[in-house]
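[1] sequence first, then the predicted structure:
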Amino acid sequence: MNLPEGFQVEIKPPEGFKVVSPKIDETKFQSDYKAYAEKSGLDTDPDNPKHFYDYRALYKDEGGFYPDEAGHLSSKYKLDGHPRMFVNGVNTKTGVPKGFTSEMPPAQLPDVARITRPAKEIDEINPIYFSTKEQLKYTYERLFSALFEKPLYAITELGLRGAKGVVQAGGKMPQLPAPKFVEDLDNSMREKAVGWLDKTINIYEHPEKYAPYTFEAETKRANYRAAWYQKSLAAGIGSDVIEACTDLGALMIQMSLMGKVVPTKTATAHIAKVGAHGFFTTSGDVQERAKAAMYRIAYNITPYVANATGATGFGAVATDTALNTFLTSPTYVQAYKQAGGFNDEFLSMVIPQLVMDIGMAWNTRGLPANQAKVKIDRYG
């Protein structure tokens with residue numbers, strides 16, 4: 001039967017039957033292996049257990065023995081006990097550093113104020129990022145990304161979104177009478193401009209994909225996070241805490257620099273400045289930016305509430321942290337539902353939010369009058 005061009009017929013085996021891959025030609029396999037073994041100085045028995053290598057599986061998949069430039073066959077077919085299973089501390093079969101597994105840690109949830117972002121998800125650990133040189137480079141890549149590159153990308157993205165809004169608004173405004181071909185040309189140019197702006201906005205919205213330093217920093221961060229979690233849960237959580245503190249520290253440095261450029265004399269002005277910083281340096285649409293700004297403003301209001309309770313010292317920190325946690329409770333509820341309860345996965349998912357809730361309360365120490373009263377009661 002002749003089928004129309006472009007059509008195919010899919011043939012499935014009857015129920016109860018299974019497709020079996022054709023067996024290798026034993027005579028040819030033995031002949032090809034013997035030639036390879038004699039050339040490589042190996043035992044001519046392909047099934048010798050001392051090889052710690054599945055030559056039959058390789059031959060079945062590749063149809064022959066084809067060494068690489070270094071004279072080695074694929075590591076895919078090595079068996080446990082192979083003398084070159086680990087080279088330079090890396091499992092040559094899986095690509096995973098020695099002592100680690102291929103299991104990846106649970107994903108993180110973003111904090112509501114978008115001060116820190118979750119680590120990227122990866123399928124496997126890449127050993128190239130674990131050299132001393134790459135780990136040293138990570139320090140300045142991470143800091144440069146957090147302090148400068150990501151905020152600049154977010155500000156540029158906001159400008160591009162504004163330009164897109166202007167272009168789109170122009171098409172909705174009343175136009176002077178013009179020939180149809182002029183209208184068509186105008187619409188065509190506007191569509192092309194919007195298309196270009198959409199592509200460019202996508203680039204600046206995702207510095208983790210397109211910004212040179214941020215891409216390197218976030219890729220390494222994901223690999224290091226996975227490696228730490230494979231060492232132990234405590235090591236993984238410790239890594240997450242350090243990363244979140246890095247972003248919080250970057251925010252504090254930015255606000256300090258901003259304070260020198262735009263000094264504020266009142267609490268209201270300071271809170272407004274915090275909100276503006278959050279709006280301009282958070283990536284995403286206007287709604288996402290406004291949400292981040294509102295939560296950052298709320299973070300800066302809770303200390304006044306905590307101080308009003310009369311708490312001082314670490315009691316004030318605990319009170320402010322409790323208030324922050326109440327504000328950000330939707331994140332904890334979401335993590336509880338996704339993790340299926342209070343477990344290791346839940347803890348890993350909420351670390352960025354928890355660090356922000358504590359960190360934003362750390363300088364809350366109570367009103368000076370209350371602190372003085374505590375000292376008098378303690379030493380008087």
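    Received the coordinates, thanks. Fair warning: this is a prediction, and the values are worked out from it, not measured in the lab.
[2] so what pLDDT did the residue nearest to the spatial centre of the chain get?
    The geometric centre of the chain, computed from its C-alpha atoms, lies nearest to K120 (Cα atoms, centre = their mean), at 1.8 Å. Confidence per residue is given as pLDDT, and for K120 that number is 88.
[3] starting at the chain centroid, how far to the helix or strand where K28 lies?
    Element membership of K28 [criterion: DSSP states H and E] is helix 26-40. For helix 26-40, the distance from its own C-alpha centre to the chain's C-alpha centre is 48 Å (Cα atoms, centre = their mean, to the nearest Å).
[4] now do the buried residues in whatever helix or strand comes next after that helix.
    Sequence-wise, the next helix or strand beyond helix 26-40 is helix 55-62, with elements assigned using DSSP H and E. Residues of helix 55-62 classed as buried under the neighbour-count rule (16 or more other Cβ atoms under 10 Å) are Y55, R56, L58, Y59. C-beta coordinates here come from the backbone N, C-alpha and C atoms, glycine included.
[5] show me what the helix holding K28 is packed against.
    When contacts are defined as 3 or more Cβ pairs under 8 Å, 6 or more residues apart in numbering; DSSP states H and E, helix 26-40 packs onto helix 55-62.
[6] partner strands of whatever helix or strand comes next after the helix it packs on and their direction?
    For helix 55-62, the succeeding helix or strand toward the C-terminus, using DSSP H and E, is strand 86-87. The pairing partners recorded for strand 86-87 under DSSP bridges are strand 90-91 (antiparallel).
[7] and the next helix or strand past the strand it pairs with?
    From strand 90-91 onward toward the C-terminus, using DSSP H and E, the following helix or strand is helix 132-144.
[8] so S239 touches N223, yeah?
    No: taking contacts as Cβ atoms under 8 Å, S239 lies outside contact range of N223: 11.1 Å.
[9] name the residues contacting each of those two.
    With contacts taken as Cβ atoms under 8 Å, 6 or more residues apart in numbering, not a single residue reaches both S239 and N223.
[10] can I get stretch 145-152 as PDB, trimmed to CA atoms?
    The C-alpha trace of stretch 145-152 is given here as PDB (Å, rounded to 0.1, in the frame of the first residue of the first chain):
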ATOM      1  CA  SER A 145      26.500  40.000  40.700                       C
ATOM      2  CA  ALA A 146      24.600  40.800  43.900                       C
ATOM      3  CA  LEU A 147      26.000  44.300  44.400                       C
ATOM      4  CA  PHE A 148      26.000  45.600  40.800                       C
ATOM      5  CA  GLU A 149      25.000  43.400  37.900                       C
ATOM      6  CA  LYS A 150      21.600  42.100  39.000                       C
ATOM      7  CA  PRO A 151      20.400  45.600  40.200                       C
ATOM      8  CA  LEU A 152      21.600  47.200  37.000                       C
END
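[11] so who does A306 touch?
    Contacts of A306 were listed using Cβ under 8 Å, 6+ apart, and they are A316, T319, D320, L323, A361, T364, G366.
[12] enumerate every residue touching the residue nearest to the centre of the chain.
    Applying Cβ under 8 Å, 6+ apart, the residues near K120 are E208, E218, T219, R221, A222.
[13] these in strands, which ones?
    Members of those lying in strands (criterion: DSSP state E): none.
[14] so for the helix or strand hosting D198, mean pLDDT?
    Using DSSP H and E, D198 maps to helix 180-205. Helix 180-205 shows a mean pLDDT of 83.
[15] name the element the residue nearest to F144 when sequence neighbours are not counted belongs to?
    Leaving aside its sequence neighbours, F144 sits nearest to Y213 (Cβ to Cβ, 6 or more residues apart in numbering; 5.0 Å). Assigned by DSSP H and E, Y213 belongs to helix 212-231.
[16] quick one: buried residues of that helix?
    Residues 213-230 are the ones in helix 212-231 that count as buried (16+ other Cβ under 10 Å).
[17] again, but for stretch 160-171
    Buried residues in stretch 160-171, defined by neighbour count with 16+ other Cβ under 10 Å: L160, R161, K164, V167.
[18] coming back round to it: tell me the angle the helix holding Y213 makes with helix 132-144.
    Going by axes from the mean of the first three to the mean of the last three Cα atoms, to 10 degrees, helix 212-231 is angled at 120 degrees with respect to helix 132-144.
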